[in-house]
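**Student:** Below is the sequence, then the predicted model.
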Amino acid sequence: MPYLRLETNVPQEKIPIDLSAKLSELLSKSLGKPLNFCCASVTGGVNMSWGGTNDPAAQATLMSIGALGVEENKRHSKALTDCITQALGIDADRMYISFDDKKASDVGYRKTTFHEIFGSK
């Protein structure tokens, strides 16, 4: 159930139409989760300032049940940063990624939670 939410001040019309699909595939590979559970959203045109300028910048939040941790997050950060900076022309030092490791009981799906569907994680 990984979910990546990416916000950027890059105008929406300059964001590749297939970026969310590419990010979903990247999540599946990097996290080792089935693609059919991976979701990514990209919101452009956000009123965002970084270091006092409006040069291209981004903020991302990656939520997952497991597959996150000290060493794992280094790998995810590199993969996501490489993809996003290439697609949007953002410098790597103008982007943050927050990692949010959720318990299965804290994520709803199909009128219940992942805890009920897959057991405790």
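**Tutor:** Looks like it came in fine. Note that the structure is a prediction, hence the values are computed from the model and not measured.
**Student:** From here on, just use CA atoms for contacts and neighbour counts.
**Tutor:** OK.
**Student:** for this structure, which spans come out with low pLDDT?
**Tutor:** Scanning the chain with the threshold set as pLDDT under 70 gives 120-121.
**Student:** what ranges do the strands span in it?
**Tutor:** 3-8, 39-43, 58-64, 95-101, 108-109, 112-113 (DSSP state E).
**Student:** Redo the ones you listed as CSV? Include distance to residue 79.
**Tutor:** Output for these, formatted as CSV (distance: least, Cα to Cα, whole Å):
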stretch, distance to residue 79
strand 3-8, 13
strand 39-43, 14
strand 58-64, 12
strand 95-101, 11
strand 108-109, 27
strand 112-113, 29
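**Student:** possible to save these as TSV with distance to residue 75 and mean neighbour count?
**Tutor:** Formatted as TSV, these follow (distance: least, Cα to Cα, whole Å; neighbours: other Cα atoms under 10 Å):
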stretch	distance to residue 75	mean neighbour count
strand 3-8	15	21
strand 39-43	18	18
strand 58-64	13	20
strand 95-101	12	16
strand 108-109	27	12
strand 112-113	28	14
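**Student:** since we're on residue 57, how many residues are nearby?
**Tutor:** Using other Cα atoms under 10 Å, residue 57 has 25 other residues around it.
**Student:** Could you find the closest non-adjacent residue to it?
**Tutor:** residue 94 (5.0 Å; Cα to Cα, 6 or more residues apart in numbering).
**Student:** how close does the one you found sit to residue 8?
**Tutor:** The gap separating residue 94 from residue 8 is 10 Å, by Cα to Cα, to the nearest Å.
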